[in-house]
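Student: Sequence first, predicted model second:
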Amino acid sequence: MTIYAASIGPKYEQILSWIGVGKRVLDVGCGAGAFTGRIALSNEVIGVESTKENWLLASKHATVLCGDFPDVELEGSFDVVLFGDVLEHMHDPERALDRARDLGNEVIICVPNFDCIVAKGQRAIGMRQTQTGILDKTHVYYFNRRIAENMLGQHGLEILEFASPKPRRAPRWYQLLANLRPEFFGIQLMYRCRVIR
């Protein structure tokens, strides 16, 4: 079991700007809950976490349900459903997107880009799995830009905004490369989507 701790960086700032304030937010797979707690500073947030260890930690930051999404029981609707680095851990991410459509008005998705130069470099030198990052050993689904955008469209999600923020430790100029060719230089693929009814 891995405990993922959210740090503050460009990816998290982007998500916060997309969520805004005063929203009802469902944070799917909220891990240890640090970022869920940040969202909760200006929004009503419900977290969902599948592991008991992470659920205990996350419950210190916000209201968190312990269970597997999409099967966990939830009440009411949400302004935003957030999948922050979660879909790649799911055996059936398409079923999760369908449930998100039923629950929310907008869906925010952040997935690692398996086709980026970093992942290609890691594979080229024989790296197979790592503890965290793009080649995280707990990933069961691998996304690139084409796969992600096709999946979103097929499940009734219209892309409103796209971002591929630079990694936290990367130099500022790397953001220019990620903006020009996100499918190649973007470590993360991030989407703010509207649910099509």
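Tutor: Sure, I can see it.
Student: tell me what the strand or helix carrying residue 94 is packed against?
Tutor: Using DSSP states H and E, residue 94 sits within helix 93-103. On a contact count with 3 or more C-beta pairs under 8 Å, 6 or more residues apart in numbering; DSSP states H and E, helix 93-103 meets strand 24-28, strand 78-84, strand 104-112, helix 145-154. All C-beta spots, glycine's among them, are computed from the backbone N, C-alpha and C.
Student: so what's the residue nearest the centre of the chain up against?
Tutor: In the chain, the residue lying closest to the centroid (C-alpha atoms, centre = their mean) is residue 84, at 1.8 Å. Taking C-beta atoms under 8 Å, 6 or more residues apart in numbering, we find residue 84 in contact with 6, 15, 27, 29, 35, 108, 110.
Student: What of residue 48?
Tutor: Residue 48 neighbours (C-beta under 8 Å, 6+ apart): 26, 27, 28, 29, 30, 64, 65, 67, 69, 72, 74.
Student: For the helices and strands packed on helix 93-103, please prepare JSON lines with the additional fields mean pLDDT and distance to residue 175.
Tutor: Output for the helices and strands packed on helix 93-103, formatted as JSON lines (pLDDT from 0 to 100; distance: least, C-beta to C-beta, whole Å):
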{"stretch": "strand 24-28", "mean pLDDT": "98", "distance to residue 175": "26"}
{"stretch": "strand 78-84", "mean pLDDT": "97", "distance to residue 175": "20"}
{"stretch": "strand 104-112", "mean pLDDT": "96", "distance to residue 175": "16"}
{"stretch": "helix 145-154", "mean pLDDT": "95", "distance to residue 175": "17"}
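Student: how about these, which one is nearest residue 56?
Tutor: strand 24-28 (16.0 Å; C-beta to C-beta).
Student: follow-up on the earlier one: out of the helices and strands packed on helix 93-103, which is closest to residue 57?
Tutor: Comparing the helices and strands packed on helix 93-103 by C-beta to C-beta, strand 24-28 comes nearest, at 13.6 Å.
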